[in-house]
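# got a predicted model here, sequence first, then my questions.
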Amino acid sequence: MAIADAAANVFAAREQASMADVSEAAGIARATLYRYYPAREVLLERLWRVGLEDTADRLEAARLDRVPGGEGFTRAVRALVAVGDYFVVLVRERAGPARPDFDRRVAGPLLELIARGQADGEIREDVSASWLLESLLALVATVLPAAPALGPEDTVEAIASLFLDGARGPGSAQGTDARAIPG
């Protein structure tokens, strides 16, 4: 798993990284890397599968459907952040034949959480749930590789509050109306 971990780190940092970059980061010869992963696409598929399984397992364990919306978003972001570099690769590489697995196991629970938040008035309804989902995925996948030196919980809080404060409905008691202009 050390090769895959190094590869996930490299691809999260640089989407167009090469196999040479991966072998250098893993501290192995390119020939050794190619023995395990004969092509870049094979390695990316492995990282995608690990990311999918880990993300889906963590979202399921978070029991998003059993907590209020705000806590659900914090739990969801915590799960995504915990997957780390593999999640970044998962989001970037989610097109293709395995897309239904992503849609069912990752996007599905998150869309249900967003829809519940919209129904409860916690999340704005003037933006589609699918657009909000894409925003959340992009926010996490963009922040993780570039995150400042925050601890894991501070990173979770920063991402969750940034997403929720921008997505809260105007009538939500927990949010502020950013459109209000002081007199």
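Cool, the structure landed. Numbers count the residues shown, from 1 in each chain.

# can we go C-alpha only for contacts and neighbour counts from here?
Noted.

# who touches the helix or strand of the chain with the lowest mean pLDDT?
Ranked by mean pLDDT, DSSP states H and E, the weakest helix or strand in the chain is helix 152-167, scoring a mean of 84. With contacts defined as Cα atoms under 8 Å, 6 or more residues apart in numbering, helix 152-167 is touched by 70, 73-74, 77-78, 81-82, 123-124, 132, 136, 139-140, 143, 147, 175-176.

# again, only this time at 10 Å
70-82, 114, 117-118, 122-127, 132, 135-136, 139-140, 143-144, 147-151, 174-178 (Cα atoms under 10 Å, 6 or more residues apart in numbering).

# repeat for stretch 85-93
4-13, 15, 44-52, 54-55, 79-81, 83-84, 99, 102, 134, 137-138, 140-145.

# give me that answer again for 8 Å
8-9, 11-12, 44, 47-52, 55, 80-81, 137-138, 140-142, 144-145.

# quick one: contacts for residue 21?
residue 10.

# confidence score at it?
For residue 21, the pLDDT comes out at 97.

# what's the first helix or strand after the longest helix along the chain?
Criterion DSSP state H: the longest helix present in the chain is helix 40-61. Sequence-wise, the next helix or strand downstream of helix 40-61 (DSSP states H and E) is helix 69-83.

# next, the angle from that next one to helix 40-61.
150 degrees (axes from the mean of the first three to the mean of the last three Cα atoms, to 10 degrees).

# what stretches of this structure score poorly on pLDDT?
96-97, 147-148, 167-183 (pLDDT under 70).

# returning to that earlier point: give me the ChimeraX select line for the contacts of stretch 85-93, limited to the buried ones.
What follows is the ChimeraX syntax selecting those of the contacts of stretch 85-93 that are buried according to 16 or more other Cα atoms under 10 Å:
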select :8,9,11,12,44,47,48,49,50,51,52,55,80,81,137,140,141,144,145
